[in-house]
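> Okay, predicted coordinates and the sequence, questions at the end:
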Amino acid sequence: MTTNNPTPLPQAIFGPIMLITLGTLLALDHAGLYGFSRTWPALLIVGGILKLFARMIGGTFNEGGQS
Amino acid sequence: MRNRSLVGPMILVLVGAAILANNLGYQIAIWRLLGDYWPFILIAWGGLRLIEVLFLAMRGQPLPRAGVSGGEWVLIVFLCVFGSAVFHGTRWAASSIPFRGFNDILGQTYDYQSPEQKMAVGKTPRIIIENLRGNTRITGGDGEEIVAKGRTTIRGFQKDEADRDNTNAKLEIVRQGDLFLVRTNQDRASNVSQVTSDIEITVPRGATIEGRGRRGDFDITQVTAVNIDSDNAGVRVNEIKGSVRLDLRRSDVIRATAVTGSLDVNTNGGDVELEGIGGSVTLLGGYNGELHFRKIAGRFRYQSQTTELTFAAIPGQVHMSRGNLNGDNFTGPLVLRTASKDVDLSDFTGSVQMSVERGNVELRPNTAQVSPMDIKTTSGDIKLSFAPTAKFNLEATSDRGAVENDYGSPIDTSSWDRKKGGTMKGTVGGGGPIVMLNSERGTITIRKAVEVTPTKL
C-alpha cells in the first residue's frame, strides 16, 4: 500500500460496507427472518467498528505522513 | 478506471429486461420480485464500490474521498423508499387479489383427489364450510348426511413437499357441538398461497350453510339459508328456502335466483343478477358492473357512495349500470339520489322522489292514477309523459333551462327567459297529487302519452 494516498483505505470502504450491511439487513427483513426494526443497531455496530478501524490504521498513516 | 457508471446501467438493463419479458407474455411477477429482492441491489451496489476501492488500493492508485458518494446516498434513499413501498404493496396485493407468484413461473402443479368424506348430520344441520382458496359447490339433497369430496391443486417445486402439503391440507368433516365443520385445512400446509381446493359437498336440504374463504367461488343450490364471508368470491345461489347473506370484500359476480327469504349483500362488486327474490333485497357497497333485478317481491334497497335507490317492490325488471338506470313495472315509493345517471323508467305506481345531479330523467308512469312526485336535477333534462286520463297538479320550474308543454291547455307555461328560466303550472283532470319538477339548467318537458299500452324497453 502506498503512503502518499490522500484518502485512507478505511474511509474509502466505509460507505460500501455500510451499504452492504444495510442491504443485508433489509434482505433479512424481507425474507421474514429478522425485522429491520430489530436489527438496525447492527448498522451502528458496523459503523463503529469501521471508525475504530479507521482510527487505528488511519492514525498510523497520519503519523507516517506527518513525520 | 471508473466503474461509477456501472450500477445505474445494470439496474436499467435488469428492469428493462423484466418489463420486456412481462410485456411479451412471460408472467414474471416483476413487482413481487422487485419488492422481495431489491435489498440485493444495495448489496451488489456496495460490493461493486468495495471492489473498486480495493482494486484501486491494490494498484496503488489514489482512492476516492468516499467509497459511496453523496449523490449515490440520495439515490439509495430513494431506492429504499421505493423498494419498501413495492414490498409492502405486493404483500397487500397478495393478500387481497390473486397474485402470480414465484411458484407460478418456476414451480409445478401437482393435483390430488381428496377421498370422499361422509357424516350423518340429521335433517337441519348448521354447516360451516372453511375453504380458504378454491371453489366450493354445495347442493342440497334428500339425504341426512354430508358428503364431501374434492380436488386439491398444489403449486410447488418438489413432489415430496407437495405430497406433504396435501397430507396436511386434507379435506375433513368435524363435529363441534351442534355445528358441522367442513374444512380444507390449507393453513396447515407449508405455504398457504400454493394450495387450492375445489370441493363438492352434498348436504341435507334443511341445512344452513356458512361459507368462509379468502378466494374462490361459491355455488350453492337447494339449501335453507346461506351466509358467506369471503375476501374475494363470485357467488351463485339458487333455490334457497330461507335468507341469503353475503359479506364479500370483493366479488366479480353475484347471481341469486329463487330465494324465498331476504337477500343482503355487502361487497365491492361487479355484476349482480337477482331474480325471484321473495323477501327484501339490500345491496350495500360499490358495484361497477351491470346490475339486473327481476321479480323482487320485497323492499329493495341499494346504497353505494354515489347512489341511493329504493323500491317497494320490482314485479318487472330494473337494470342499472354505472351511467344508467332503466326499469319497467315496479312499485314505488321510489327514492333515488345519485350523482350521475341517465334514468329511464316506465309503467310504475307509487310515489317518486328523485334527485339526480348529472343525467337526464325520463319517466312514463303510464297509469291514470298519478302518485306524488318530487324530481330534481342539476344539469339534466326532465321528461314526463302522463296518460291522457291522468289527474294531477303540476308545478315545474327550471331555474335557467326551458320548459316545454306538449300536454296541452290545462297547463300554463310561462314565457321562457334565459335568466329567469321557465315555469309550468296547472291542474290536470280536476286535480290530484302534486307533481313537483325542478331543474337548475335542464329542460323540462311534459307530454301526453300517445299509447296507453305499456312500452317495453
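Perfect, I can see it now. Small disclaimer: the values here were computed from a predicted structure and weren't measured. Numbers count the residues shown, from 1 in each chain, chains lettered A, B, ... in the order given.

> the bottom helix or strand of the chain by mean pLDDT?
All of this refers to chain A. Counting by mean pLDDT, DSSP states H and E, the weakest-scoring helix or strand in chain A turns out to be helix A:41-66, with a mean of 72.

> meant chain B actually
Here the helix or strand of chain B ranked lowest by mean pLDDT, DSSP H and E is helix B:102-106, holding a mean of 49.

> If you count neighbours, what's buried in the next helix or strand after it?
Using DSSP states H and E, the helix or strand that follows helix B:102-106 in sequence is strand B:108-120. Buried residues in strand B:108-120, defined by neighbour count with 16 or more other C-beta atoms under 10 Å in any protein chain shown: B:Tyr110, B:Tyr112, B:Ser114, B:Gln117, B:Met119. For every residue, glycine as well, the C-beta is placed using N, CA and C.

> Name the residues linked to the first one by a beta bridge.
With DSSP bridges as the criterion, the beta-bridge partners of B:Tyr110 are B:Ile154.

> Contact partners for it?
B:Tyr110 makes contacts with B:Thr153, B:Ile154, B:Arg155, B:Gly156, B:Lys159, B:Ala162, B:Asp163, B:Asn166, as judged by C-beta atoms under 8 Å, 6 or more residues apart in numbering or on different chains.

> repeat that with 10 Å
Contacts for B:Tyr110 (C-beta atoms under 10 Å, 6 or more residues apart in numbering or on different chains) come out as B:152-156, B:158-159, B:161-163, B:165-166, B:194.

> closest to B:Gly350 among the residues you listed?
B:Thr153 (51.4 Å; C-beta to C-beta).

> Does that closest one touch B:Ile199 like I think?
No. Between B:Thr153 and B:Ile199 there is no contact under C-beta atoms under 10 Å: 11.8 Å.

> neighbour-wise, which of the two wins?
A direct count of neighbours by other C-beta atoms under 10 Å in any protein chain shown for B:Thr153 and B:Ile199 places B:Ile199 higher, at 23 against 17.

> That one touches B:Ala148, doesn't it?
Yes. B:Ile199 is within contact range of B:Ala148, at 6.1 Å (criterion: C-beta under 10 Å).

> Show me where the stretch 151-300 of chain B has its helices.
Under the criterion DSSP state H, counting those that start in this stretch, the stretch 151-300 of chain B contains helices at B:159-168.

> Show me the shaky parts of it.
Scanning the stretch 151-300 of chain B for pLDDT under 70 picks out B:157, B:191-193.

> rewinding a little: overlap in contacts of B:Ile199 and B:Ala148?
B:Ser114, B:Gln117, B:Ile129, B:Thr136, B:Ile138, B:Leu171, B:Val182, B:Arg183, B:Thr184.

> Determine which two of these are furthest apart.
So for the shared contacts of B:Ile199 and B:Ala148, where distance means C-beta to C-beta, the most widely separated pair is B:Ser114 and B:Ile138, at 15.5 Å.

> Quick one: mean pLDDT for whichever strand or helix holds B:Phe78?
For B:Phe78, the host element (DSSP H and E) is helix B:70-96. Averaged over helix B:70-96, pLDDT sits at 79.

> Now do it: which elements does it pack against?
helix A:9-30, helix B:7-23, helix B:30-37, helix B:39-58, strand B:208-215, strand B:225-232 (3 or more C-beta pairs under 10 Å, 6 or more residues apart in numbering or on different chains; DSSP states H and E).

> re earlier: spit out the residues that contact B:Thr153 and B:Ile199 alike.
B:Gly134.

> Now do the contacts for residue 10.
This is for chain A. A:Ile17, A:Leu50, A:Lys51, A:Leu52, A:Phe53, A:Ala54, A:Arg55, A:Met56, A:Ile57, A:Gly58, A:Phe61, B:Gly67.

> you looked at the wrong chain, it should be chain B
Residues near B:Met10 by C-beta under 10 Å, 6+ apart: B:Ile41, B:Ala44, B:Trp45, B:Leu48.

> so how many other residues sit close to A:Leu52?
11.

> same check, this time on B:Met58
9.

> coming back round to it: out of the contacts of A:Pro10, grab the one that's most surrounded.
Of the contacts of A:Pro10, with other C-beta under 10 Å as the count, B:Gly67 tops at 25 neighbours.

> That one is in what secondary structure piece?
With DSSP H and E as criterion, B:Gly67 is part of no helix or strand.

> Report how many residues lie close to the spatially closest residue to B:Asp178 that is not a sequence neighbour.
Leaving aside its chain neighbours, B:Asp178 sits nearest to B:Arg126 (6.6 Å; criterion: C-beta to C-beta, 6 or more residues apart in numbering or on different chains). Neighbourhood size, B:Arg126 [other C-beta under 10 Å]: 18.

> Correct me if wrong: B:Arg126 contacts B:Glu210.
Yes. Using C-beta under 10 Å, B:Arg126 is in contact with B:Glu210, at 7.2 Å.

> Without its sequence neighbours, what residue ends up closest to B:Ser243?
B:Gly261 (3.4 Å).

> surely the one you found meets B:Val237?
No. Look at B:Gly261 against B:Val237 with C-beta under 10 Å: they stay out of range, at 11.0 Å.

> Tell me who's in contact with B:Lys341.
Shown in contact with B:Lys341 (C-beta under 10 Å, 6+ apart): B:306-307, B:309, B:320-326, B:356-361, B:380.

> if we can go back for a sec, greatest separation within the contacts of B:Met10: which pair is it?
B:Ile41 and B:Leu48 (10.6 Å).

> any idea how far chain A is from the residue nearest the centre of chain B?
Among the residues of chain B, B:Gly269 comes closest to the average C-alpha position under C-alpha atoms, centre = their mean, at 1.1 Å. Counting by C-beta to the nearest C-beta, to the nearest Å, the gap between B:Gly269 and chain A amounts to 33 Å.

> List the contacts of the residue nearest to that residue when sequence neighbours are not counted.
Once flanking residues are discounted, B:Gly269 sits nearest to B:Ser251: 4.2 Å by C-beta to C-beta, 6+ apart. Going by C-beta under 10 Å, 6+ apart, B:Ser251 touches B:217, B:228, B:230-235, B:265-272, B:285, B:287, B:289.
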